[in-house]
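Q: sharing a model that was predicted from the sequence below.
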Amino acid sequence: MIQKSIDSSAAKSELQAVLFEGIHPSAVEALEQAGYTRIVTHAKSLSGDELLAAIADAHFVGVRSRTQLTAEVLQHARQLVAVGCFCIGTNQVDLKEAMRLGVPVFNAPFSNTRSVAELVLAQIIMLMRGIPEKNAVLHRGGWVKSAADSFEVRGKTLGIIGYGHIGTQIGVLAEQLGMRVIFTDIEAKLPLGNAQPMSSLEALLSAADVVTLHVPETPQTALMIGAAQLAAMKPGSHLINASRGSVVDIEALTVALESRHLHGAAIDVFPIEPQGNDSVFVSPLTRFDNVILTPHIGGSTLEAQINIGTEVAAKLIRYSSNGSTTSAVNFPEVALPAHTGRSRLLHIHHNVPGVMAHVNERLSEAGINIAAQYLSTNEEVGYVVIDVDSAASQVALDELCAVPETIRCRILY
Ligand SMILES: NC(=O)c1ccc[n+]([C@@H]2O[C@H](COP(=O)([O-])OP(=O)(O)OC[C@H]3O[C@@H](n4cnc5c(N)ncnc54)[C@H](O)[C@@H]3O)[C@@H](O)[C@H]2O)c1
Ligand SMILES: O=C(O)[C@H](O)COP(=O)(O)O
């Protein structure tokens, strides 16, 4: 279906940014310094009609992992120029729909990875020593001084599922503690240190004393750890999940903990997470002393959040002020030079045969000289950036917006 094109042109002072989930103030500072002053912040995630109302006039929307930008929500934000995920995961955004609407999505692919790796390292030691259970007993006035089920990590095996930015760092840190590291991934990966790739998930599960998950949320990772996989784990071993709540079958985990097949677990992410700090957390795991429960704070250190705020804000500013889409996760990528002394027009269109001929014919017939043109496409969408003499910019914009295949057009101020 070809929708009516949207002209999202607006002066910087008119562009509105709406930031959810307590995104660090470093993002607001960066936006303000760049001249974007219409900024609305929300301490938590919103959903339903509240979310639709909050983003109705937004040009930029910033979210973390909780706010669900579904196709319906994105369609509602008619002025939307770009989305910033102030985190790694982008599964909370319908990326295809955003692309079809001409909206690039940016994230921070590295900034919190060290924070997650450090937390997981601490959890490995705590679980292997049985500390969560002992800590809980002492809080209730008990005393359990015993070496039973308490082990050094030196010489034990760590199984990493998903050997990406986080998984590799954990592998390197765990080897420093004397652990043997094994891993699985769907891609061929360079093993760091002495880490060994395993031929299958089952092989990893049956060999590891601690299994830690670092995969993205995808259809393939949904419930990838269920009853069969938990049963395949070594008796007395441990599970850590700081990836996404959709990856582990919580009911099956509950059974494995109840039977004491697993000695313990550390869970940071959940199938349903509260919208904010004033909401109630409900989980069948709360009754287990031997489970470390954390409120999705793997990446929540000040260092990480400050850096993420600056990094993602910079990507939004660069796109908004210059047109560059480098590192967008759903969009044709274009890295652009400055357009000093010229006006820059952005044209996002359905990538169908003849569309660039239509663009250039219209500009040519209107007598507009193209100073520079940059094009990038994917299978569905094309993104062309055109620099013209400033005197001709409004005519050029009108011509571009009238191209039938247009999704969005915009002039940069
Ligand atoms: N708890 C937190 O606060 C927190 C913080 C940061 C990231 N995360 C989550 O951790 C995930 C991983 O982060 P990362 O930076 O390491 O990402 P990454 O993309 O660098 O690594 C993910 C790895 O998983 C692999 N993978 C994908 N599907 C797989 C499958 N079915 N089986 C095995 N391997 C598979 C990929 O090939 C890749 O190597 C993120 O997607 C995010 O959901 C959580
Ligand atoms: O995807 C991520 O980076 C993590 O899950 C962190 O998400 P958060 O910003 O909601 O803590």
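A: Good, I have the coordinates. Ligands and ions are numbered 1, 2, ... in the order given.

Q: what about the strands in the stretch 101-250 of the chain?
A: When secondary structure is read from DSSP state E, counting those that start in this stretch, the stretch 101-250 of the chain shows strands at 105-106, 157-161, 180-184, 196-197, 210-213, 237-241.

Q: got JSON lines for the ones you listed, with mean pLDDT, mean neighbour count and distance to ligand 2 too?
A: In short, each C-beta sits where N, CA and C put it, glycine included. As requested, the strands of the stretch 101-250 of the chain are exported to JSON lines (pLDDT from 0 to 100; neighbours: other CB atoms under 10 Å; distance: least, CB to the nearest ligand atom, whole Å):
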{"stretch": "strand 105-106", "mean pLDDT": "98", "mean neighbour count": "26", "distance to ligand 2": "13"}
{"stretch": "strand 157-161", "mean pLDDT": "99", "mean neighbour count": "26", "distance to ligand 2": "16"}
{"stretch": "strand 180-184", "mean pLDDT": "99", "mean neighbour count": "22", "distance to ligand 2": "20"}
{"stretch": "strand 196-197", "mean pLDDT": "98", "mean neighbour count": "14", "distance to ligand 2": "25"}
{"stretch": "strand 210-213", "mean pLDDT": "99", "mean neighbour count": "27", "distance to ligand 2": "12"}
{"stretch": "strand 237-241", "mean pLDDT": "99", "mean neighbour count": "26", "distance to ligand 2": "11"}
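
Q: quick check: residue 310 touching residue 27?
A: Yes: in this structure residue 310 lies within contact range of residue 27 using CB atoms under 8 Å: 7.1 Å.

Q: now do the phi/psi pair for residue 164.
A: When read as degrees, to the nearest 10, the backbone of residue 164 gives phi -100, psi -140.

Q: what's the burial count for it?
A: When neighbours are counted by other CB atoms under 10 Å, residue 164 registers 17.

Q: same check on residue 330?
A: Neighbours of residue 330 under the rule other CB under 10 Å: 21.

Q: again with residue 305
A: Using other CB under 10 Å, residue 305 has 24 other residues around it.

Q: try residue 367
A: 8.

Q: next, it: secondary structure please.
A: Recorded secondary structure, residue 367: coil (DSSP: H, G, I helix; E, B strand; the rest coil).

Q: quick check: the spatially closest residue to it that is not a sequence neighbour vs residue 158, distance?
A: Take residue 367 and drop its neighbours on the chain: the residue closest to it by CB to CB, 6 or more residues apart in numbering is residue 392, 7.9 Å away. Shown here: residue 392 relative to residue 158, a distance of 62 Å by CB to CB, to the nearest Å.

Q: and for residue 317?
A: Taking CB to CB, one finds residue 317 at 40 Å from residue 158.

Q: and the residue in the stretch 251-400 of the chain positioned nearest to ligand 2, what pLDDT?
A: Closest to ligand 2 within the stretch 251-400 of the chain is residue 299: 4.0 Å, counting by CB to the nearest ligand atom. Looking at residue 299, its pLDDT stands at 98.

Q: repeat that for the one 5 residues further on.
A: Turning to residue 304, the model gives it a pLDDT of 98.

Q: check which helix or strand covers it.
A: Using DSSP states H and E, residue 304 sits in helix 302-322.

Q: that helix near ligand 1 at all?
A: No: Helix 302-322 stays clear of ligand 1 (CB under 6 Å from any ligand atom), getting no nearer than 8.4 Å.

Q: low-scoring pLDDT stretches of the stretch 1-150 of the chain, where are they?
A: Scanning the stretch 1-150 of the chain for pLDDT under 70 picks out 1-4.

Q: might one say that residue 60 is in contact with residue 18?
A: Yes: with contact defined as CB under 8 Å, residue 60 counts as touching residue 18 (7.2 Å).

Q: of the two, which one has the most company?
A: A count of neighbours by other CB under 10 Å puts residue 60 above the other of residue 60 and residue 18, at 29 against 23.

Q: got the contact list for that one?
A: Residues near residue 60 by CB atoms under 8 Å, 6 or more residues apart in numbering: 15, 16, 17, 18, 36, 80, 81, 82, 83, 84, 316, 320.

Q: okay, and which of those residues map to strands?
A: Judged by DSSP state E, the contacts of residue 60 include 16, 17, 18, 82, 83, 84 as members of strands.

Q: quick one: which of the residues you listed is nearest residue 208?
A: Nearest to residue 208 among the ones in strands among the contacts of residue 60, counting by CB to CB, is residue 84 at 36.2 Å.

Q: that closest one and residue 94, how far apart?
A: In terms of CB to CB, residue 84 sits 15 Å off from residue 94.

Q: residues contacting stretch 271-281, please?
A: Contacts for stretch 271-281 (CB under 8 Å, 6+ apart): 21-22, 43-47, 66, 245-246, 250, 270, 282, 295-296.

Q: for stretch 175-195, that is, sorry about that
A: With contact meaning CB under 8 Å, 6+ apart, stretch 175-195 is reached by 121, 124-125, 153-164, 167-168, 171-172, 174, 196-198, 200-201, 204, 207-208, 220.

Q: what residues does the stretch 51-200 of the chain have near ligand 2?
A: 64, 65, 66, 87, 88, 89, 112.

Q: so which of those belong to strands?
A: Among those, no member falls in strands (DSSP E).

Q: filter those residues to the buried ones?
A: Among these, those classed as buried by 16 or more other CB atoms under 10 Å are 64, 65, 66, 87, 88, 89, 112.
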